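Q: Just the structure for this:
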Amino acid sequence: MKMKAFSTPAAVAAVLMVSATSALAADADTPPTAAHESIFDEARFEIAASLGAKSDFESGVFIIPSLFFDPLHSEGREGFDKFFHPRFFLSASISTDDEASQLMAGASWKFSLIDRTFADIGFGGALTNGDLDEGGRGPGVGSHLLFHEYLALGVDLDENWSLTATVRHSSNADLAKPNSGLTYGGLGISRNF
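A: Residues are numbered from 1 along each chain as shown. Have a look, this model is predicted:
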């Protein structure tokens, strides 16, 4: 019965979106900037809490490690050129109180703002162990495969380290019922490579 959850429209849509982004990335040109020496662009570690209300609230703390990759050399690009050259992320949201945990992946875009501040926006998919119906592990998510998006605002402490404040949300976009979302706010520290 649980395998059926992976064949929901939300699951299919999320897989197609992540695949389309990867296919677009494979066709991209290499920019005129120098290649990174590391396969990792950034490693981030966040501590988060649920921002859900009433039945969507989850207790405990969520540990969220993330790795960012920049094979398309996003740094230094602007406008539409940057849009077609995203970074890619792989993250986990680990519950410390037997609530819903997730694996998340997708594309992200990091933009410089004022002085040493930046915004980081990401979109992709998530796989969760949350219960499909209300009343179990986390809010009822309707599907184990979800859409995932996040917005982080940060400040660079120096060339290698930065601090971030992040809001994350995962849900099935009403492609399955119920559609209680998993929403978190957290603080993080990043190491840039």
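Q: Going by C-alpha atoms from here, please, whenever you check contacts or count neighbours.
A: Will do.
Q: what's residue 177 in contact with, if anything?
A: 141-143 (C-alpha atoms under 8 Å, 6 or more residues apart in numbering).
Q: Drop anything exposed from those residues.
A: When those are checked for burial by 16 or more other C-alpha atoms under 10 Å, the buried set is 141-143.
Q: Residue 163: what's its closest spatial neighbour, skipping adjacent residues?
A: Distances taken as C-alpha to C-alpha, 6 or more residues apart in numbering place residue 189 nearest to residue 163, at 4.6 Å, with adjacent residues excluded.
Q: My reading is that the one you found lies in a strand. Confirm?
A: Yes. Using DSSP: H, G, I helix; E, B strand; the rest coil, the assignment for residue 189 is a strand.
Q: for it, which residues make a bridge with it?
A: residue 45, residue 163 (DSSP bridges).
Q: any idea how far it lies from residue 131?
A: 30 Å (C-alpha to C-alpha, to the nearest Å).
Q: do residue 98 as well
A: 11 Å.
Q: Looking at those two now, which is surrounded by more residues?
A: residue 131 (18 against 14; other C-alpha atoms under 10 Å).
Q: ok so, going back, include secondary structure, pLDDT and distance to residue 49 when you put the buried ones among the contacts of residue 177 into JSON lines, please.
A: Listed next are the buried ones among the contacts of residue 177 as JSON lines, based on DSSP: H, G, I helix; E, B strand; the rest coil; pLDDT from 0 to 100; distance: C-alpha to C-alpha, whole Å:
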{"residue": "141", "secondary structure": "coil", "pLDDT": "90", "distance to residue 49": "18"}
{"residue": "142", "secondary structure": "coil", "pLDDT": "92", "distance to residue 49": "21"}
{"residue": "143", "secondary structure": "coil", "pLDDT": "93", "distance to residue 49": "22"}
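Q: and of those residues, the nearest to residue 154?
A: residue 141 (29.6 Å; C-alpha to C-alpha).
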